[in-house]
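In: after the sequence you'll find the predicted model.
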Amino acid sequence: MIENHKWNGIITLPEGQEPELPDTFLIIRFLQLLTEGHYRNNQNIFREQPNNPLNINILDDLVNYLNCLSRIPCRTSAVAAIRVSATILEVIQGPCVGNQMHLTLNTEILESLNRLLRTVGGSDSKMEENLEVRGNKYCRYHLYITF
């Protein structure tokens with residue numbers, strides 16, 4: 001998904017056309033639904049899989065994706081960033097201290113969120129989407145997890 005956004009870059013949509021995300025973006029929604037209800041065992045699986053010989057840190061992948069999206073000022077990236085940040089929010093709520101600690105100490109999440117907060121949007125931007133990116137609960141919540 002990151003490569004798709006890097007390849008397409010800034011997408012300028014004609015007026016009235018809504019952004020289209022790739023079909024593979026359903027994975028982000030699946031991951032968000034996996035952590036609904038703040039079941040800590042599911043949240044911790046994003047960081048480490050204790051019974052696997054090889055751990056894959058999905059938190060790092062989500063942050064890398066958000067970092068990529070924060071550097072592409074267009075509506076398509078804004079819509080994707082809203083959904084990725086909502087997924088990250090579900091992974092840390094509860095609170096899931098392990099995921100919060102990992103995100104603040106080992107990733108560039110705060111830099112990415114600050115970049116998103118400063119982004120005005122592309123030439124095809126909609127004010128509602130810009131406000132939703134800025135008003136996203138995760139963007140406001142990130143200040144609390146640093147303390």
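Out: Good, I have the coordinates.

In: Glu36: neighbour count?
Out: Using other C-beta atoms under 10 Å, Glu36 has 10 other residues around it. For glycine as for every other residue, the C-beta is placed from the backbone atoms N, C-alpha and C.

In: number of nearby residues for Gln43?
Out: Per other C-beta under 10 Å, the neighbour tally for Gln43 reads 22.

In: try Leu105
Out: When neighbours are defined as other C-beta under 10 Å, Leu105 has 8 of them.

In: for His38, see how far away it is.
Out: Leu105 sits 21 Å away from His38, taking C-beta to C-beta, to the nearest Å as the criterion.

In: do Val91 as well
Out: Taking C-beta to C-beta as the measure, Val91 and His38 are separated by 10 Å.

In: looking at these two, which is more packed in?
Out: Neighbours of Val91 and His38, each counted by other C-beta under 10 Å, are more numerous for Val91; the result is 28 against 14.
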